[in-house]
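# Turn this into a structure:
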Amino acid sequence: MSYYSEMLTEGLQFQDFCACEFAKIGIPITNFSSKKYQMEKGENLQGYEFKFDRSFRKTGNLWIELKERADVKREYINSGICRNDNTMFYVMGDYGGVYLMQKTVLRVMRKQYKEIENTMKTSIGYLLPISKAVEVFNYIEFKND
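Have a look, this model is predicted:
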């Protein structure tokens, strides 16, 4: 399995987990499963995009994606906060909890941080320090059932 496919599978599982957790607090999420609707509409009708960041607790940063590509031989395309879709909120974190971040605020904050390419050369983004995320955004802790 390629790195891109592995990350996609991991992300979709996290998205499903978050949909279940959000339902517990009264926020139903209707995720689109087809690429067509995801590309045309967004990840779901409600305007939430779920991002799994397995290493933010260790690194102290959240990876805010701007561009992506499935293969290093391809050109980068706008994604993450630069994708034009219905996304209003980026919900980013891990199975312990997530930060609820407004896309418009992340776009403004982008100017404060250096754009970098990830080590796999599949994504360009910036690192948002957790210390800043705590100041600006709400954190939702998940209770382990």
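
# Give me the distance from the lengthiest helix in the chain to the chain's centre.
If you go by DSSP state H, the chain has its longest helix at helix 3-24. Centroid separation between helix 3-24 and its chain, computed with C-alpha atoms, centre = their mean, to the nearest Å, is 10 Å.

# Skip ahead from that helix and say which helix or strand is next.
Following the chain from helix 3-24 toward its C-terminal end, the next helix or strand by DSSP states H and E is helix 35-40.

# Return the helix or strand in this protein with minimum mean pLDDT.
helix 35-40 (a mean of 84; mean pLDDT, DSSP states H and E).

# other SSEs contacting it?
Helix 35-40 is packed against no helix or strand, with contacts defined by 3 or more C-beta pairs under 8 Å, 6 or more residues apart in numbering; DSSP states H and E. (C-beta placed from N, C-alpha, C; glycine too.)

# Going by secondary structure, residue 109 is in what exactly?
Using DSSP H and E, residue 109 maps to helix 103-109.

# for that helix, packing partners?
Helix 103-109 is packed against strand 89-94, helix 130-136, with contacts defined by 3+ C-beta pairs under 8 Å, 6+ apart.
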